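J.: pasted the sequence and its predicted model underneath.
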Amino acid sequence: MTGWETKTAAGIEYLERAGEGEALVLLHGIGSQAASFTPLLDHIDATRRVIAWNAPGYGASAPLGMDWPLASDYARALEAFCDALGLRRVMLAGHSLGTLMGASFAAAHRDRVSRLVLASPALGHGVPRGGGLSSAAQARIDDLQRLGAEKFAVLRAARLVHDPDANPGHVAQVQAAMSQVTLPGYGQAARMLASGRLLDDAERLMVPTDVIVGAGDVVTPPDGARRAFAALHRAAQGRLTIVPDAGHALYLQAPAAFAAALAAHTETAG
């Protein structure tokens, strides 16, 4: 895989492209993995250090120790991961479910995040831990158990791509990544999504925060991104970017636009 080196730290498998200065840390979504961010690499400054983790329970990363984790549990895993790598301060970019993890971490550790990017933000369903799962969250787990990962991916992949009939290659790439999800990691992530409350953490953020979303995203539509941006404290509001002709898999369908936004954000980080 050109540009990446696979490593492990604090029980987390991750991909790293060596570089200089402050690291850009990428947090993938519920049906993705670290390698899903590969299309971005060609569009990010070649001298920049880039790290993409496989979240707990994904790839070779150890799952969390509880059946129903909260975003704060993933944030603690991220803290241990950054500590293991000696990363005292990072630029953090989360996609979809990764925005819940990133916002929780940045809200609790404002001194460790120079800038936060919420891409295709998942607002969460706000279900109390241990309560009844939303029908959407339960369907994710049931479908994976009933169908197996490959058929599960076939069922869901096209929704992540804007105009999927015209972009079969992108659908195939999303499907390939999604077909690698496993239990218990995926089930833990689905429960975290069910209990997630991104808007609550957004209100607590005191680091510069940008929001980016595809105009054609039907999974986390632009209205949700606007709500997340509006929830930010004025001092934390950076930019809201809506990318035309792109769906939920923004890193794949519009990598140049995504990376351009990251570059602009990086230039203004302080």
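T.: Looks like it came in fine. This one's a predicted model, so the numbers in the text were calculated from it and none came from an experiment.

J.: so which helix or strand takes in residue 6?
T.: Element membership of residue 6, judged by DSSP states H and E, is strand 5-9.

J.: check which helices and strands that strand sits against.
T.: Contact partners of strand 5-9 among helices and strands, from 3 or more Cβ pairs under 8 Å, 6 or more residues apart in numbering; DSSP states H and E: strand 12-17, helix 71-85. From N, CA and C alone the C-beta is placed, and that goes for glycine too.

J.: can you redo these as JSON lines with mean pLDDT and mean neighbour count?
T.: JSON lines is the format used below for the helices and strands packed on strand 5-9 (pLDDT from 0 to 100; neighbours: other Cβ atoms under 10 Å):
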{"stretch": "strand 12-17", "mean pLDDT": "98", "mean neighbour count": "21"}
{"stretch": "helix 71-85", "mean pLDDT": "98", "mean neighbour count": "20"}
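
J.: can you tell which of these is closest to residue 60?
T.: With Cβ to Cβ, the closest approach to residue 60 among the helices and strands packed on strand 5-9 belongs to strand 12-17: 4.0 Å.

J.: who are the packing partners of the closest one?
T.: Packing partners of strand 12-17 (3+ Cβ pairs under 8 Å, 6+ apart): strand 5-9, strand 48-53, helix 71-85.

J.: residue 249: what's it in contact with?
T.: When contacts are counted by Cβ atoms under 8 Å, 6 or more residues apart in numbering, residue 249 is found next to 32, 36, 160-161, 170, 173-174.

J.: that one - nearest residue in space that isn't next to it in sequence?
T.: What sits nearest to residue 249 in space, not counting adjacent residues and going by Cβ to Cβ, 6 or more residues apart in numbering, is residue 160, at 4.3 Å.

J.: how far away is that neighbour from residue 253?
T.: 8 Å (Cβ to Cβ, to the nearest Å).

J.: and the two? Which one has more around it.
T.: residue 160 (29 against 25; other Cβ atoms under 10 Å).

J.: wait, that one touches residue 31, no?
T.: Yes: taking contact to mean Cβ atoms under 8 Å, the distance of 7.3 Å between residue 160 and residue 31 places them in contact.

J.: got phi/psi on residue 241?
T.: For residue 241, the backbone dihedrals are phi -120, psi 130 (criterion: degrees, to the nearest 10).

J.: what's the burial count for it?
T.: 21.

J.: enumerate every residue touching it.
T.: For residue 241, the set of contacting residues under the criterion of Cβ under 8 Å, 6+ apart consists of 210-213, 257, 261.

J.: out of these, what pair is the most spread apart?
T.: Longest distance between any two of these is 13.9 Å, between 211 and 257; criterion Cβ to Cβ.

J.: out of the two, which sits in the busier spot?
T.: Comparing residue 211 with residue 257 by neighbour count (other Cβ under 10 Å), the higher total belongs to residue 211, at 29 against 18.
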